[in-house]
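S.K.: Need a 3D model of the sequence below.
(chains A and B)
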Amino acid sequence: MKRIFIFSIIILIAAGFDRPAAQDFSLTDHNGRTFKLSEHRGKVILLFFGYTSCTEACPVILGRVNKVFERLGTEGEKALAVFISLDPGRDTPKVLREYVKYFSSATMALTGSKEEIDRVVEQFGARYEIEKSDSALGYHVNHTTDIYLIDRRGVVHSRFRHTDRADLMADAVKSLIR
Amino acid sequence: MKFHHRARVIVASLSLILIPLAAFARQDAAKYVCPPCGCGADEVESDKTGICTACGMTLVKKGTPAAMPASQGPPPQRKRAAILLFDGVQIIDYTGPYEVFGQAGLEVFTVAVNINQIRTAMGMQVTPHYTLENAPRADVIILPGGGVTPTQENPQVIKWIQEKSKDAEYVLSVCNGAYILAKTGLLDGMTATTFYDLIDGLPTIAPKVKVVRDRRYVDNGKFITTAGISSGIDGSLYVVSKMFSKARAQMVALNMEYNWQPDSTYARASFADRHIRNIFGRNLRLNLPEGVQSRVLSTEGSPHSWEVRWQAQGATKAADILKLLDDSLTAGQWKKENSAKSEAARSVWRFADEDGAEWSGATTVQPTGEANTFTVSLKVDRIGSPLSKSDPADAAGGIIIRDAWIQEMPPSQRLTAAYMVIENTSSRNTALVSARSDIAGAVELHRVEMDDKQMMRMRRIDRINLPTGKTELTGDLHIMLIDLKRPVQEGDRVALTLEFENSVTKTLLIPVRRRTAM
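M.R.: Below is the predicted model:
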């Protein structure tokens, strides 16, 4: 009897994982407007965290995302890239506006208060740390670099590493668009 | 009950197998047809296997997938590609893309100023499908090269391209078709390439276009320019992969039996032979003493190094051939090195390329053993390049730096990073201890690594150790330029001074590049 009980608990947990909840959050976009994830249901979303003063992982990811949208062509209208800044101190909407201009027009850059950002980071299971440094930069933002693929219902479908190739991501986005 | 159910399942599955088999047996007197290829005999049926009398392809059984047209089901709308033709058009510039887009399933047609027969380069005669006035809308517009001058100066053509490209998904120039495209102004602010021997001329007619020599084709989104002649095939395959899928382009390349290498870095215009062509021309003609004949034996190398070998024949002396060779090189702004070890029939040179990078040159004239026959060699090497055999003493403290570049960042960012490979050719350990540049308020050495919590962790470090051999500063280690006085853009060159242990310093002029995504 006890065994059956444990077994059914496992089943219930597994079932819970089978149907992950749709994500939602609200932040401020690079135009200073409110961005609510649930208002973009119906679009496939590539979501990632970073900061504009990053010269390594972040430009790599944004470059890849560009490439993904190039490959998507007109289907790109059914997808969106979301870059969430972990550096509200430096990355104001104005800075973000200039920054995303350089990358794909399908990219939204978001910011918010530290508390708002922390909530979203936790929601996606990402991590970051602000570390004081003797660099002229003053501090570094150490962060995880996964790219989250969110389906049209707002559910996280899978995760890419920042080193994954653009064609791999484009194929996955395409499969969720259709 | 259970048994009944199982029996029913068996009967059902047997019938599933048997019914089609029976149908198949009835059709045993099969007909054979040519796989659809447009040869004109696609509809002809035969009672037995064999080959198509029109095209020679092996016949396939009618009704099988092999006998179906390649595009299964009617495509919603067949895409169209328009190719501009003009007298003097280079044949492969327009036929290469014709083949690729045609095989990819597009409806391809040619357009010219009028319907008169076109005489291509080398005299092939072609009749265009349409004139500028009656050509239908196209999804892809192809501008081949060749004798382009009258076309690039024809306002009617320029206007046609400007108008039609509004509706097109892609506009592709091949070879010096880039000159026609540049004349429309549509390339302004973009990056482009063209035929290797015309790269230096493009900026004159298109000052707002950034011209590069290190790529086989350049993608600006809608506007794609390819290098010369056969590059149009790669450019077209690339457009097919963008328009449809990589798979479609792969299938076209395979069917064309074309060795397609989409990741290849082959760029004809980047080859180091340009320094030799600048002096001796495309045909590599030597200036020789009276009565002496020459022919090219080989011309080969890479972007960093090149060697041309000639055979010279005639009643002369090695020293006389060398003298004339030296005169040509002096006229080409090369500087002769005062080299004591120089043998009688050898001279050593230095020159700078268009970007200010230093090169070494060496000429030798050697008797072959046969009477009045000499082998003449001219070799150039970029100093510090992987293939260079120049004296390591050239390099400060035995340090050679290669593949240095600075990342273009969005213009709002007042910081960037420099990357390079540093080779310590000495047997002693040394270290990079600092760097400085007039363009940046601070230049720092940084290390970034993935920590145990899967976070990318950036740190400032005091030094980068350089043991004997190569140390890569290509990401994990890099040089950070902070507080830039102005944004740096692709095409800029930034002076960066590196300081090594024992006060050895080296100043580099580093090109700024856009990071390419894979």
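
S.K.: Which residue ranges of chain B form helices?
M.R.: Secondary structure of chain B (DSSP state H): helices at B:2-26, B:91-103, B:149-152, B:155-167, B:177-183, B:202-205, B:231-243, B:246-255, B:274-280, B:318-331.

S.K.: Can I get these in a markdown table including mean pLDDT, distance to B:R382 and mean neighbour count?
M.R.: Glycine gets a C-beta too; all of them are placed from N, C-alpha and C. Below are these laid out as a markdown table (pLDDT from 0 to 100; distance: least, Cβ to Cβ, whole Å; neighbours: other Cβ atoms under 10 Å in any protein chain shown):
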| stretch | mean pLDDT | distance to B:R382 | mean neighbour count |
| --- | --- | --- | --- |
| helix B:2-26 | 56 | 68 | 9 |
| helix B:91-103 | 97 | 31 | 23 |
| helix B:149-152 | 95 | 34 | 18 |
| helix B:155-167 | 96 | 38 | 15 |
| helix B:177-183 | 97 | 26 | 27 |
| helix B:202-205 | 91 | 22 | 14 |
| helix B:231-243 | 96 | 24 | 25 |
| helix B:246-255 | 95 | 33 | 16 |
| helix B:274-280 | 93 | 9 | 19 |
| helix B:318-331 | 91 | 17 | 16 |
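
S.K.: Please convert these to JSON lines, extending it with distance to chain A.
M.R.: As requested, those are exported to JSON lines (distance: least, Cβ to the nearest Cβ, whole Å):
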{"stretch": "helix B:2-26", "distance to chain A": "28"}
{"stretch": "helix B:91-103", "distance to chain A": "16"}
{"stretch": "helix B:149-152", "distance to chain A": "29"}
{"stretch": "helix B:155-167", "distance to chain A": "14"}
{"stretch": "helix B:177-183", "distance to chain A": "20"}
{"stretch": "helix B:202-205", "distance to chain A": "24"}
{"stretch": "helix B:231-243", "distance to chain A": "7"}
{"stretch": "helix B:246-255", "distance to chain A": "7"}
{"stretch": "helix B:274-280", "distance to chain A": "30"}
{"stretch": "helix B:318-331", "distance to chain A": "43"}
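
S.K.: and stretch A:27-47, does that touch chain B?
M.R.: No. Contact of stretch A:27-47 with chain B (Cβ under 8 Å from any Cβ of the partner chain) is absent, the minimum separation being 10.9 Å.

S.K.: can you tell me which residues contact B:L297?
M.R.: Counting by Cβ atoms under 8 Å, 6 or more residues apart in numbering or on different chains, B:L297 touches B:R309, B:W310, B:Q311, B:T375.

S.K.: For chain A, list the residues in contact with chain B, please.
M.R.: So chain A meets chain B at A:52-57, A:59-60, A:63-64, A:66-67, A:70-71, A:73, A:95, A:98-103, A:127-129, A:131, A:133-137, A:140-145, A:165-167 (Cβ under 8 Å from any Cβ).

S.K.: can you rerun that using 7 Å?
M.R.: A:52-53, A:55-57, A:59-60, A:63-64, A:66-67, A:70, A:73, A:95, A:98-99, A:101-102, A:127-129, A:133-137, A:140, A:142-145, A:165-167 (Cβ under 7 Å from any Cβ of the partner chain).

S.K.: List only those of those flagged as buried.
M.R.: Among the residues of chain A next to chain B, those buried by neighbour count (16 or more other Cβ atoms under 10 Å in any protein chain shown) are A:52-53, A:55-57, A:59-60, A:63-64, A:66-67, A:70, A:95, A:98-99, A:102, A:127-128, A:135, A:137, A:140, A:142-145, A:166-167.

S.K.: Mind putting the helices of chain B into a markdown table with distance to B:G475?
M.R.: Below are the helices of chain B laid out as a markdown table (distance: least, Cβ to Cβ, whole Å):
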| stretch | distance to B:G475 |
| --- | --- |
| helix B:2-26 | 58 |
| helix B:91-103 | 36 |
| helix B:149-152 | 43 |
| helix B:155-167 | 38 |
| helix B:177-183 | 33 |
| helix B:202-205 | 32 |
| helix B:231-243 | 27 |
| helix B:246-255 | 26 |
| helix B:274-280 | 31 |
| helix B:318-331 | 40 |
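
S.K.: Could you double-check that B:V113 sits in contact with B:L132?
M.R.: Yes. Counting by Cβ atoms under 7 Å, B:V113 does reach B:L132; the two are 6.0 Å apart.

S.K.: what residue lies at the spatial centre of chain A?
M.R.: In chain A, the centroid-proximal residue (Cα atoms, centre = their mean) is A:L47; its distance is 2.0 Å.

S.K.: my read is that one is in a strand, agree?
M.R.: Yes. The assignment for A:L47 by DSSP: H, G, I helix; E, B strand; the rest coil puts it in a strand.

S.K.: what's near enough to touch the residue minimising distance to the centre of chain B?
M.R.: Nearest to the geometric centre of chain B sits B:R216, at 1.7 Å (Cα atoms, centre = their mean). By Cβ atoms under 7 Å, 6 or more residues apart in numbering or on different chains, B:R216 lies in contact with B:T226, B:A227, B:S231, B:D234, B:Y266, B:A267.

S.K.: can you rerun that using 6 Å?
M.R.: The contact partners of B:R216, by Cβ atoms under 6 Å, 6 or more residues apart in numbering or on different chains, come to B:A227, B:S231, B:D234, B:Y266, B:A267.

S.K.: what's the farthest-apart pair in these?
M.R.: Pairwise distances across these peak at 10.8 Å for B:D234 and B:A267 (criterion: Cβ to Cβ).

S.K.: Residues of chain B that sit close to chain A?
M.R.: Within chain B, the positions lying close to chain A (Cβ under 6 Å from any Cβ of the partner chain) are B:410, B:412, B:417, B:442, B:444, B:448, B:453-458, B:460, B:482, B:515, B:517-518.

S.K.: buried subset of those residues?
M.R.: Buried residues within these, counting neighbours by 16+ other Cβ under 10 Å: B:410, B:412, B:417, B:442, B:444, B:448, B:455-458, B:460, B:482, B:515, B:517.

S.K.: any idea which of those residues is the one closest to B:G332?
M.R.: When those are compared against B:G332 (criterion: Cβ to Cβ), the nearest one is B:R515, at 35.8 Å.

S.K.: quick one: which of the contacts of B:L297 is nearest to A:I84?
M.R.: Using Cβ to Cβ, the contacts of B:L297 come closest to A:I84 at B:R309, 59.8 Å.

S.K.: Next one, pLDDT for the closest one please.
M.R.: Note for B:R309: predicted pLDDT of 94.

S.K.: what about it, how many neighbours?
M.R.: 15 (other Cβ atoms under 10 Å in any protein chain shown).

S.K.: Identify the spatial nearest neighbour of it, chain neighbours not counted.
M.R.: Counting by Cβ to Cβ, 6 or more residues apart in numbering or on different chains, B:R309 lies nearest to B:L297, which is 4.2 Å off, once chain neighbours are set aside.

S.K.: Thought B:L445 was touching B:R459, still the case?
M.R.: No. B:R459 is beyond contact range of B:L445, at 9.6 Å (criterion: Cβ atoms under 6 Å).

S.K.: Neighbour count: these two, which is higher?
M.R.: B:L445 (22 against 15).

S.K.: Flag the shaky bits of the chain, pLDDT-wise.
M.R.: Unless you meant another one, I'm taking chain A. Chain A contains residues with pLDDT under 70 at A:1-20.

S.K.: Chain B is the one I meant
M.R.: Applying pLDDT under 70 to chain B picks out residues B:1-28, B:69-76, B:338-344, B:384-397.
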